[in-house]
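[1] no sequence on this one, just coordinates:
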């Protein structure tokens, strides 16, 4: 049972564009929703995270939009750069955030072309 | 310490061999997690420690998988009688209580 569904599987965007990656979850007990960035041969690194009591969070060029009623959240990358080319994973957990196992989406391979 | 470290980075094993993968968490991090990442997939939870106590091992795929953290710091994931389907990247993550999980670079295991 895939508890966190992620789309698209891959995405190609021109430099300066705004890639959008979407995730949907099923378990209403989830209350922490991080996004991780992973480069080849490296471990995932936290980009930004949100709790369901807010609908949007911005950190630098990265924005999470959260729709609790639809059980959906998305990542927007403003002014995308070739260095943003990586695989992005959404995730979810329940309980005390960071102290509970993460359930990951299947990933989105993002390519930013110059 | 700089971050979570894992060793070895790469491991090739013949089918049926036992392997041991090591994780050195960030100093002072109470929580430690192991995940398995198949090629082209997201990480999947294997097991969780709080200090030396293994509080959740629900993700371990079979009794061939065993993890320990005897002194509440370094952890070892052991796979006995490896099978080809065990080929994956094994990721370790650590966190302070109730904070972000920080991942290591992973160990890439190839079982021939």
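    Right, received. Where do you want to start? Note that the structure is predicted; figures quoted are calculated from it, not measured.

[2] list the contacts for the closest residue to residue B:8 other than its chain neighbours?
    Counting by Cβ to Cβ, 6 or more residues apart in numbering or on different chains, residue B:8 lies nearest to residue B:107, which is 6.1 Å off, once chain neighbours are set aside. (C-beta placed from N, C-alpha, C; glycine too.) Contacts for residue B:107 (Cβ atoms under 8 Å, 6 or more residues apart in numbering or on different chains) come out as B:6, B:7, B:8, B:9, B:10, B:11, B:21, B:89, B:90.

[3] which of these are buried?
    Among these, those classed as buried by 16 or more other Cβ atoms under 10 Å in any protein chain shown are B:6, B:11, B:21, B:89, B:90.

[4] SS state for the second one?
    When classified by DSSP: H, G, I helix; E, B strand; the rest coil, residue B:11 comes out as strand.

[5] that one reaches residue B:21, doesn't it?
    Yes - assessed by Cβ atoms under 8 Å, residue B:11 is found in contact with residue B:21 at 7.2 Å.

[6] so residue A:19 sits against residue A:81, correct?
    No - using Cβ under 8 Å, residue A:19 makes no contact with residue A:81, being 11.0 Å away.

[7] circling back: mind listing the shared neighbours of residue B:11 and residue B:21?
    B:107, B:109.

[8] spell out which parts of chain A neighbour chain B.
    By the rule Cβ under 8 Å from any Cβ of the partner chain, the part of chain A lying against chain B is A:6, A:34, A:36, A:41-46, A:49, A:89, A:91, A:96-99, A:101-107.

[9] quick check: ChimeraX command selecting the buried ones in those residues.
    Applying 16+ other Cβ under 10 Å to the residues of chain A next to chain B leaves a buried subset, and the ChimeraX line that selects it is:
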select /A:6,34,36,43,44,46,49,89,91,97,98,99,101,102,103,104,105,106,107
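
[10] among the residues of chain A next to chain B, name the ones in strands.
    A:6, A:34, A:36, A:45, A:46, A:49, A:89, A:91, A:103, A:104 (DSSP state E).

[11] how about residue B:39, nearest residue that isn't a chain neighbour?
    residue B:88 (7.4 Å).
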